[in-house]
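> generate coordinates for the sequence data below:
(chains A, B, C and D)
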2 protein chains.
Amino acid sequence: MTISTKGRYALRIMLDLAGHIGETIKLKDIAARQEISEKYMEQIIAVLNKAGYVRSTRGAQGGYQLVKAPKDYTVGMILRLTEGSLVPVECLADHALPCEREGKCATVEVYRRIYAAVNNVIDTMTLQDLVDIEHEKAVDNYVI
Amino acid sequence: MTISTKGRYALRIMLDLAGHIGETIKLKDIAARQEISEKYMEQIIAVLNKAGYVRSTRGAQGGYQLVKAPKDYTVGMILRLTEGSLVPVECLADHALPCEREGKCATVEVYRRIYAAVNNVIDTMTLQDLVDIEHEKAVDNYVI
DNA sequence: TTATATCCTACAAAGTCAATAGGTTTAATT
DNA sequence: AATTAAACCTATTGACTTTGTAGGATATAA
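Predicted structure coming up:
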């Protein structure tokens, strides 16, 4: 039931960019701030780029920026893109071959509910929510 | 985010036993009904046995039975036992080493909510619920 | 005593994860 | 024009996990 580094890093990359709206940010800087291997991040941001979630500028002084506003990216969009489907069992996937146990399998109801609960969380949180949480945490740190 | 066969098979084994209360059921029969490798099931039911979720009877005419009533086993108990913790990220585990990013990491809030949502589902469903769902499905099949 | 069942441990094939490595292309700067 | 800095692309690899298989040892009913 774990979310892999790929999806988690993707979320942190997007959140980092969301914290620098209007700027073009180099991977090297994100890698330094987030303490993630730059080479590995290249592969992850390539996916975000191809999906049109970020825009890249090549060459010296190049980098990345978000295409849309942070509120326009749900956590679900980012995780699904990078993790693939978040189904707890294969038979719930869109492309799944029909399962012959379907008509009598009671346990699938467990997985349906888990899936719905997870989707509900990730589809109702946006990058902007994470930016806000980050700011609250920064304030907390200052006060304490 | 997938639940492995180990946890899924454990749930099906427990549900199978829940459908035969008062009887001592051989693994061979469960394996046949559930279409799961008997040898693999041995390993899974050994975990359930050691945890005291089932009682075994050795020798000829032996087998397994539930120790308690189906309503007394939550899905969560069974999945956690066989899958291990269901945390979406390691840092949320009980035994986790403190994360140095804790104070500023906003994304962990996503995982906290996912974890809570999953726990809510699996801790509010019992084996008895699954038995009931199975019966409903059987009725549906008859009507159609 | 035989048949039948659980119990135990080792092993292995296949797949996935999490990078690492090494280059190519593009574009700004000098 | 040459240099530098950045994104882009693709292959490979080590470690780990998953999903079983295999082969026997032990216990008990008939």
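
> residue ranges with poor pLDDT in chain A?
Where chain A drops to pLDDT under 70, the residues are A:144.

> again, 80 this time
Along chain A, the parts satisfying pLDDT under 80 run over A:143-144.

> ok, which stretches of it are helices?
Using DSSP state H, the helices of chain A run over residues A:5-18, A:27-34, A:38-50, A:75-83, A:108-124, A:127-143.

> and those helices: which comes nearest residue B:111?
Shortest distance between residue B:111 and those, using CB to CB, is found for helix A:5-18: 8.2 Å. C-beta coordinates here come from the backbone N, C-alpha and C atoms, glycine included.

> contact partners of the closest one?
With contacts defined as CB atoms under 8 Å, 6 or more residues apart in numbering or on different chains, helix A:5-18 is touched by A:25, A:30, A:33-34, A:36, A:40-41, A:44-45, A:47-48, A:53-54, A:64-66, A:70, A:73, A:75, A:78-79, A:81-83, A:127-128, A:130-131, A:134, B:89, B:106-107, B:110.

> run through these and flag the ones next to DNA strand C.
residue A:40 (CB under 7 Å from any atom of the strand).

> now, of the contacts of helix A:5-18, which are buried?
Neighbour-count burial (16 or more other CB atoms under 10 Å in any protein chain shown) applied to the contacts of helix A:5-18 gives A:25, A:30, A:34, A:36, A:41, A:44-45, A:48, A:53-54, A:64, A:66, A:70, A:73, A:75, A:78-79, A:81-83, A:127, A:130-131, A:134, B:89, B:106-107, B:110.

> tell me which of the helices of chain A approaches DNA strand D most closely.
helix A:27-34 (3.6 Å; CB to the nearest atom of the strand).

> do the closest one and chain B come into contact?
No: residues of helix A:27-34 are not located near chain B by CB under 8 Å from any CB of the partner chain, the shortest gap being 8.9 Å.

> for residue A:120, what are its contacts?
Shown in contact with residue A:120 (CB under 8 Å, 6+ apart): residue B:117.

> flag every residue of chain A that's near DNA strand C.
A:4-6, A:37, A:39-40, A:42-43, A:57-62.

> ok, now with 10 Å
Within chain A, the positions adjacent to DNA strand C are A:2-9, A:24, A:31, A:36-44, A:56-62, A:83-84 by CB under 10 Å from any atom of the strand.

> how far does stretch A:83-91 stretch from one end to the other?
17 Å (CA to CA, to the nearest Å).

> hang on, residue A:119 packs against residue A:86?
Yes: using CB atoms under 8 Å, residue A:119 is in contact with residue A:86, at 7.4 Å.

> higher neighbour count, those two?
Ranked by neighbour count (other CB atoms under 10 Å in any protein chain shown), residue A:119 and residue A:86 place residue A:86 first, with 21 against 16.
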